[in-house]
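Trainee: Take a look and give me a structure for this.
(one chain, ligands or ions: 1)
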Amino acid sequence: SVSAESMVPSHQNYVKTVIPKSAEQRKRIEVSIASNFLFKNLDEDQHEDVVNAMAEKRFKRGENVIEQGAVGDFFYVVETGTLDVYVAKNGRPSEKVFEYGPGGSFGELALMYNGPRAATVTTTSDVVLWALDRITFRRILMENTSRKRRMYEAFLETVPSLVSLEPYERHKVADALESVYFDDGQIVVKQGDQGDNFFIIESGEADVTMTNDEGVEFPMPGLGPGQYFGELALLNDAPRVATVKAKGRLKCATLGKRAFVRLLGPVVDIIKRNSANYQTIEQQIQQQQAAQAAQQG
Ligand code: 1OR
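Mentor: The predicted structure follows:
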């Protein structure tokens, strides 16, 4: 309850919100935020402050947690239950655009941009949510989130296969991306390995090679900024079909398999179409190789 809330002065000029909670409640928060990208990269103190400030909120099925146009007060993380998101645009009746389940989070936009709520979020079952107040959200979670969105969104707009994503969908992809660095010659994905990640090149170049059944390694077209790789193993649930190596220092933005499937769902068809091209290139190269081998032999 609000009366149990205490304000603890910090060394800086703000007071921390601390809502007392049981060990059991803390455990439920940990589970709820475990797979949520917005909570990654918090240091111990930040993590503690966030957990302290969260308030448990329960809603029955069919209630609006957020109404489009309202003033933003809380950011929410879903512990249990499901919710639908509706957006009304240009006087048209509202349309369902998204849904959330356990581990999902919403309500960040109005807090980040000081604007009205961009959508209505309605429960489709009884739900348990963890609400984080605007001040704590802005103080701890916003910086990281907006830094990542700023850093990746300009870049994501230049990736040809991703141009058809909605701006909000690009936000979510940006939240989920992490930068990884490779030194010259370092293997990023290895043919035959199990694939767990998808990569987009931020800067630098990569060499691609394939080894055929006879153990002969042959080069494939190289990759540069804005190009991606590692999608096939994730799309097809198959081992890596090529080896990708850093050519000089290489920086990639990477996405894990679950996030790839969930967030790039809207562009999977485009990515599949592109990987059909890839297979055509592969066939052409194999034919060339065979022709060369025949000439030499
Ligand atoms: P908010 O503070 O504006 C409503 O409150 C929340 O719904 C919003 O933050 C997001 O967290 C969440 N467009 C805008 N907001 C969305 C959308 C969305 N999906 C979820 N929210 N979409 C674009 C629709 C044209 C859906 C994209 C898949």
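
Trainee: Show me what from the stretch 51-200 of the chain comes close to the ligand.
Mentor: 66, 72, 85, 87, 97-98, 106-110, 117-119, 121, 166, 168-169 (C-beta under 6 Å from any ligand atom). C-beta: built from backbone N, CA, C; applies to glycine.

Trainee: Select from these every entry located in strands.
Mentor: Among those, the members falling in strands (DSSP state E) are I66, V85, V87, V97, F98, F106, V121.

Trainee: Quick one: residues contacting the residue nearest to the fifth one when sequence neighbours are not counted.
Mentor: The spatially closest residue to F98, leaving aside those adjacent along the chain, is V85, at 4.0 Å (C-beta to C-beta, 6 or more residues apart in numbering). Shown here is V85, whose contacts under the criterion C-beta atoms under 8 Å, 6 or more residues apart in numbering are K96, V97, F98, E99, Y100, F106, A119, T120, V121.

Trainee: Which residues does V85 form beta bridges with?
Mentor: Going by DSSP bridges, V85 is paired in beta bridges with F98, V121.

Trainee: Pull out the buried members of the residues of the stretch 51-200 of the chain next to the ligand.
Mentor: Buried residues within these, defined by neighbour count using 16 or more other C-beta atoms under 10 Å: 66, 72, 85, 98, 106-110, 117-119, 121, 169.

Trainee: Point to the residue nearest the middle of the protein.
Mentor: A176 (2.2 Å; C-alpha atoms, centre = their mean).

Trainee: ok, it - contacts?
Mentor: So A176 contacts F37, L255, G256, A259, L263 (C-beta under 8 Å, 6+ apart).

Trainee: next one: R138
Mentor: Contacts of R138 by C-beta under 8 Å, 6+ apart are L111, M112.

Trainee: these two touch, right, E217 and T209?
Mentor: Yes: between E217 and T209 there is a contact at 5.2 Å, judged by C-beta atoms under 8 Å.

Trainee: Which one of these two is surrounded by more residues?
Mentor: T209 (14 against 10; other C-beta atoms under 10 Å).

Trainee: Does the more buried one fall in a helix, a strand, or a coil region?
Mentor: strand (DSSP: H, G, I helix; E, B strand; the rest coil).

Trainee: which residues does it bridge with?
Mentor: Bridge pairing for T209 - DSSP bridges - gives P219, T243.

Trainee: That one against V241, yeah?
Mentor: No: using C-beta under 8 Å, T209 is not in contact with V241, being 11.0 Å away.

Trainee: so what sits against both of those two?
Mentor: Q191.

Trainee: Just give the number of residues close to V188.
Mentor: 23.

Trainee: Settle this for me: it is touching F182, isn't it.
Mentor: Yes: in this structure V188 lies within contact range of F182 using C-beta under 8 Å: 5.6 Å.

Trainee: Need the residues touching each of the two.
Mentor: A246, L250, C252.

Trainee: Out of those residues, the closest to the ligand would be?
Mentor: C252 (24.7 Å; C-beta to the nearest ligand atom).
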